[in-house]
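Novice: sequence unknown, structure follows:
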């Protein structure tokens, strides 16, 4: 099973591989290195990482004028993250037909360009995204049962805030518990989220 860290943008569809949604693929998020290590420990495998087209987080964080600039910058930054944290950089996901990337990953952008249509945030607890939903932003919480509350809050809260800002409304929260991880791990992940005030609302 090839696991790949990507942005949680609802438009990213991974056709080959399993997505671990992290806003901006981890760029600018405090604690990303710790989270990557916990994901590797939990999933017991090397992790891939990819950049994607039209990334609003990168555009905002880097104060860029256009998405063309964001596309180029994100590829550079995500490749740097891969080098820094021992991840496999698989490439760039475009608005196009599914693209074969490196290390067994294939994907593309499927939402309309310039439009966000998600109305929920899906937290994956059992080993990444199992079912693609165009209406869901994705946040990986597959690692949180091994973490402390401080890291969980500092890493996840900015992601929730950004997606709600992008959507212009409070988003419903759902938990996805399917995946390769065992029931004990899934339960520990859910318990940690609930301990920091993140609960299902839909």
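Specialist: Received, thanks. All values reported here derive from a predicted model rather than from experimental measurement.
Novice: Just to be sure, residue 14 is in a helix?
Specialist: No. Counting by DSSP: H, G, I helix; E, B strand; the rest coil, one finds residue 14 to be strand, located in no helix.
Novice: can you tell me how far the residue lying closest to it once chain neighbours are set aside sits from residue 132?
Specialist: Excluding the flanking residues, the one nearest residue 14 by C-beta to C-beta, 6 or more residues apart in numbering is residue 107, at 4.4 Å. To be clear about C-beta, it is placed using only N, CA and C from the backbone, and glycine gets the same treatment. Distance, residue 107 to residue 132, by C-beta to C-beta, to the nearest Å: 10 Å.
Novice: Between the two, tell me which one has more neighbours.
Specialist: Comparing residue 107 with residue 132 by other C-beta atoms under 10 Å, the one with more neighbours is residue 107, at 25 against 14.
Novice: sorry, back to before: so the residue nearest to residue 14 bridges to which residues?
Specialist: Beta-bridge partners recorded for residue 107 (DSSP bridges): residue 14, residue 99.
Novice: Quick check: it touching residue 100?
Specialist: No. Residue 107 is beyond contact range of residue 100, at 9.3 Å (criterion: C-beta atoms under 8 Å).
Novice: Shouldn't residue 24 be within a strand?
Specialist: No. Under the criterion used here (three-state DSSP), residue 24 is helix, not part of a strand.
Novice: could you say which helix or strand contains the closest residue to it other than its chain neighbours?
Specialist: Distances taken as C-beta to C-beta, 6+ apart put residue 57 closest to residue 24, at 3.8 Å, once the chain neighbours are dropped. Counting by DSSP states H and E, the element that carries residue 57 is helix 56-61.
Novice: Only the buried residues of that helix, if you could.
Specialist: Residues of helix 56-61 classed as buried by neighbour count (16 or more other C-beta atoms under 10 Å): 56-59, 61.
Novice: Would you mind measuring from residue 148 to residue 47?
Specialist: Residue 148 is 21 Å from residue 47, by C-beta to C-beta.
Novice: looking at this structure, which residue lies furthest from center?
Specialist: Within the chain, the residue lying farthest from the chain centre (C-alpha atoms, centre = their mean) is residue 65, at 23.6 Å.
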